[in-house]
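Asker: Prediction below, plus the sequence it came from.
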Amino acid sequence: MKQAVAVLSLSLLAFSNTWAYSLDEPLNVVQGEHKTTLKLGELLEKLPKQQFSVYDEAYHSEKNFEGFKLRDILKLSNVDINQVSELTIVCADGYRAVMDIDVLTKYPNAVISYRQPGAEGDFDPIVEGKKIADPAPFYLVWPEKETYGVFPWPHQVVGIDVSLNKDKYAHLTPAETASETVQRGFKLFKGACLACHSINLTGGVIGPELNIPMNITEYREVEYLKKFIRDPDSFRARSRMTGLPDLSDQDIEDAIAYLGYMKDFKQLEKAE
Ligand code: HEC
């Protein structure tokens, strides 16, 4: 068996020499709609290099690694780690390893490695039974070997998907591309209206749901809405919607713009 492995790695030697990392090798960090593509050259330029040697279970031997701290990579991509709940390590073959952020909190030294100093190519091939894998372009490793039992060390890493803290208002939040009016309207609605009203059944229950199955702007005129929100009692005596005298006309228009915007984001399945 030992011999077979030796022969295999010898036969690989020929083309393993041609494996030299490319400075253009991309690593994609995706956070919601925001994608940062970092090239290896840029990482080498901007981040401190880490080097260590650790016993690697995949090779059954001690290996040297060179790379960058995962935390530094996230920082360079403007990811605020305090907001993150999970990281998904995306691999070239479609493998996606989901890491709870607690793992990175407990073991903060995770490194995205791009080469093993002293290897034949960038990395020595990993031999698993009959399969031989090249961990390039990036290999997630830790200087602490016990992390292997806590999280798989994914190889052929091409990207990192960042999931933010599960924000319960995420599906009520307008996209970044929505207008200023809609953005302001959402903030206002969240602060002044959501306590009593729901959108897609998220929110309070004192007032009516305003989006499903029909959005309020689909069955009420804007002029009526403006007047109603300004002074509910002028329509219905003892209305349980308290008037909000501090609202400016602009506030009310913003809130209505937000409500109208949400008609394209109905979660109709909830209305059933
Ligand atoms: C204290 C709870 C409360 C707050 C706060 C509140 N509402 Fe209401 N809202 C209600 C209730 C209750 C009704 C039903 C009113 C009625 O039947 O008189 C209502 C009705 C409505 C309607 C429906 C009117 C119709 O004719 O169908 C709209 C639109 C509305 N509210 C918008 C808002 C907006 C926008 C805000 C924030 C600026 C807001 N509400 C704040 C309780 C509230």
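Answerer: Received, thanks.

Asker: Which strands or helices does the helix or strand where Tyr114 lies pack on?
Answerer: Assigned by DSSP states H and E, Tyr114 belongs to strand 111-115. Strand 111-115 is packed against strand 61-69, helix 70-76, strand 139-141, with contacts defined by 3 or more CB pairs under 8 Å, 6 or more residues apart in numbering; DSSP states H and E. Using the backbone N, CA and C atoms, a C-beta is placed for each residue, glycine as well.

Asker: which of the ones you listed sits most buried?
Answerer: strand 139-141 (a mean of 26; mean count of other CB atoms under 10 Å).

Asker: ok, residues contacting that one?
Answerer: Here strand 139-141 makes contact (CB atoms under 8 Å, 6 or more residues apart in numbering) with 54, 56, 65, 67, 70, 89, 110-114, 123, 153-157.

Asker: and the residue nearest to the spatial centre of the chain, what pLDDT?
Answerer: What sits nearest the mean C-alpha location of the chain, by CA atoms, centre = their mean, is Val162, with 2.2 Å. Per-residue confidence (pLDDT) for Val162: 92.

Asker: what about Ile216, neighbour count?
Answerer: Neighbours of Ile216 under the rule other CB atoms under 10 Å: 19.

Asker: my bad, Gly185
Answerer: 27.

Asker: Which parts of whichever strand or helix holds it count as buried, going by neighbours?
Answerer: For Gly185, the element it lies in under DSSP H and E is helix 180-192. For helix 180-192, a neighbour-count test (16 or more other CB atoms under 10 Å) marks Thr181, Val182, Gln183, Arg184, Gly185, Phe186, Leu188, Phe189, Lys190, Ala192 as buried.

Asker: still on that earlier bit, reformat the helices and strands packed on strand 111-115 as JSON lines; add distance to the ligand and mean pLDDT.
Answerer: Formatted as JSON lines, the helices and strands packed on strand 111-115 follow (distance: least, CB to the nearest ligand atom, whole Å; pLDDT from 0 to 100):
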{"stretch": "strand 61-69", "distance to the ligand": "46", "mean pLDDT": "97"}
{"stretch": "helix 70-76", "distance to the ligand": "37", "mean pLDDT": "97"}
{"stretch": "strand 139-141", "distance to the ligand": "47", "mean pLDDT": "97"}
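
Asker: for the ones you listed, which one sits closest to Gln267?
Answerer: With CB to CB as the measure, helix 70-76 is the member of the helices and strands packed on strand 111-115 nearest Gln267 (30.8 Å).

Asker: What's the per-residue pLDDT of the residue lying closest to Asp124 once chain neighbours are set aside here?
Answerer: Excluding its sequence neighbours, the residue lying closest to Asp124 (CB to CB, 6 or more residues apart in numbering) is Gln116, at 6.2 Å. Gln116 carries a pLDDT value of 96.

Asker: likewise Val111?
Answerer: 98.

Asker: would you put the C-alpha positions of stretch 233-252 in PDB?
Answerer: In PDB, the C-alpha atoms belonging to stretch 233-252 read as follows (Å, rounded to 0.1, in the frame of the first residue of the first chain):
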ATOM      1  CA  ASP A 233     -60.600  59.600  14.000                       C
ATOM      2  CA  SER A 234     -61.900  61.900  11.300                       C
ATOM      3  CA  PHE A 235     -63.100  58.800   9.500                       C
ATOM      4  CA  ARG A 236     -64.100  56.500  12.300                       C
ATOM      5  CA  ALA A 237     -65.000  57.500  15.800                       C
ATOM      6  CA  ARG A 238     -63.100  55.600  18.400                       C
ATOM      7  CA  SER A 239     -60.600  54.300  15.800                       C
ATOM      8  CA  ARG A 240     -58.100  52.100  17.500                       C
ATOM      9  CA  MET A 241     -55.500  53.600  15.300                       C
ATOM     10  CA  THR A 242     -54.200  56.500  17.300                       C
ATOM     11  CA  GLY A 243     -53.500  59.700  15.300                       C
ATOM     12  CA  LEU A 244     -49.800  60.400  15.000                       C
ATOM     13  CA  PRO A 245     -49.700  64.200  15.100                       C
ATOM     14  CA  ASP A 246     -45.900  64.400  14.900                       C
ATOM     15  CA  LEU A 247     -45.800  62.900  11.500                       C
ATOM     16  CA  SER A 248     -44.900  65.300   8.700                       C
ATOM     17  CA  ASP A 249     -46.600  65.200   5.300                       C
ATOM     18  CA  GLN A 250     -43.300  63.800   4.000                       C
ATOM     19  CA  ASP A 251     -43.300  61.000   6.600                       C
ATOM     20  CA  ILE A 252     -46.700  60.000   5.500                       C
END
